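> attaching a predicted model along with its sequence, questions to come.
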Amino acid sequence: TQLLEQSPQFLSIQEGENLTVYCNSSSVFSSLQWYRQEPGEGPVLLVTVVTGGEVKKLKRLTFQFGDARKDSSLHITAAQPGDTGLYLCAGGVQGGKLIFGQGTELSVKP
Amino acid sequence: DTEVTQTPKHLVMGMTNKKSLKCEQHMGHRAMYWYKQKAKKPPELMFVYSYEKLSINESVPSRFSPECPNSSLLNLHLHALQPEDSALYLCASSRPGLARQDTQYFGPGTRLTVL
């Protein structure tokens, strides 16, 4: 069974701080997606990474895919209250299924 | 355009009611999914349709019945649900067959409450 371990599960920080969320697995994934979700809404895609070692930037967010395609990280620089939400990593496997991490609840206080 | 739409936004039903959830996408995607999500947990896969055919049923109880009338529409028919079925139901779509591009796009969800 393929698993994605996401950490930390909860993160409460002040506006302006930096943070990193990690997703780790012993399995290889063909792709890895990061989503952000607000309460009562569907997950919104932030990025898809497919190549080992890939780094993608989205404004203050930096995403990395590990060389072996078994792990990924999301780094947020100078967090803002609007970054508050549930962050989910999800690995693509055979048959189009996604394996989700447990999620990281981020709270950014003004 | 990466939009998946879902109706209704909210649904309250009794345990003897029959209702349906609807999902629509116009991105030309040929894979569509139903997920169930409890508060602050990741989505749990229920069903996968590929080219309008059911390809995955994750041992979902028969009180949930999916239907894919065409490549743009996905329905979830609900009957005799239990209070523990209350959750956010999410629809997603993707392009199947491209192993390195498994990106799924989610709809806004239907908040279901079973009384």
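Thanks, I have it. From a predicted model like this one, the values you see are computed outputs, not experimental measurements.

> counting neighbours, what do you get for A:Ser72?
The number of residues packed near A:Ser72 is 26, by other Cβ atoms under 10 Å in any protein chain shown. No exception for glycine: its C-beta is placed from N, CA and C like everyone else's.

> that one is in what secondary structure piece?
Secondary structure assignment for A:Ser72, by DSSP states H and E: strand A:71-76.

> now the strands: where do they sit in chain A?
A:5-7, A:10-14, A:19-24, A:31-37, A:44-49, A:55-58, A:61-65, A:71-76, A:85-92, A:98-100, A:104-109 (DSSP state E).

> what's the burial count for B:Arg30?
For B:Arg30, using other Cβ under 10 Å, the count is 15.

> the one 4 residues further on now?
As a burial measure, B:Trp34 scores 24 neighbours (other Cβ under 10 Å).

> next one: A:Leu11
Count around A:Leu11 with other Cβ under 10 Å applied: 18.

> so for it, what's the nearest residue that isn't a sequence neighbour?
A:Leu106 (5.0 Å; Cβ to Cβ, 6 or more residues apart in numbering or on different chains).

> what residues are up against that neighbour?
For A:Leu106, the contacting residues are A:Leu11, A:Ser12, A:Ile13, A:Leu19, A:Val21, A:Ile76, A:Ala79, A:Asp83, A:Thr84, A:Gly85, A:Leu86, A:Tyr87, by Cβ atoms under 8 Å, 6 or more residues apart in numbering or on different chains.

> do that again at 7 Å, thanks
Contact analysis of A:Leu106 by Cβ atoms under 7 Å, 6 or more residues apart in numbering or on different chains lists A:Leu11, A:Asp83, A:Thr84, A:Gly85, A:Tyr87.

> list the contacts for the residue lying closest to the last one once chain neighbours are set aside?
Using Cβ to Cβ, 6+ apart and skipping the chain neighbours, the partner closest in space to A:Tyr87 is A:Thr104 (4.6 Å). With contacts taken as Cβ under 7 Å, 6+ apart, A:Thr104 has the following neighbours: A:Gln6, A:Pro8, A:Gln9, A:Leu11, A:Val21, A:Tyr87.

> what about B:Lys53, neighbour count?
8.

> for residue 90, give me its contacts.
Unless you meant another one, I'm taking chain A. Contacts of A:Ala90 (Cβ under 7 Å, 6+ apart): A:Gln33, A:Tyr35, A:Leu98, A:Ile99, A:Phe100.

> um, chain B though
Residues in contact with B:Leu90 (Cβ under 7 Å, 6+ apart) are A:Gly42, B:Tyr35, B:Gln37, B:Pro43, B:Phe106, B:Gly107, B:Gly109.

> swap in 6 Å and give it another go.
B:Leu90 makes contact with A:Gly42, B:Tyr35, B:Gln37, B:Pro43, B:Phe106, B:Gly109 under the criterion Cβ atoms under 6 Å, 6 or more residues apart in numbering or on different chains.

> now do it, the pLDDT please.
On the pLDDT scale, B:Leu90 is placed at 98.

> next: B:Thr2.
With respect to pLDDT, B:Thr2 has a value of 67.

> what is the burial count for the nearest residue to A:Val44 once chain neighbours are set aside?
The shortest distance from A:Val44 to any non-neighbouring residue, by Cβ to Cβ, 6+ apart, is to A:Arg36 (5.4 Å). A:Arg36 has 18 neighbours, counted by other Cβ under 10 Å.

> with that, I have no additional questions.
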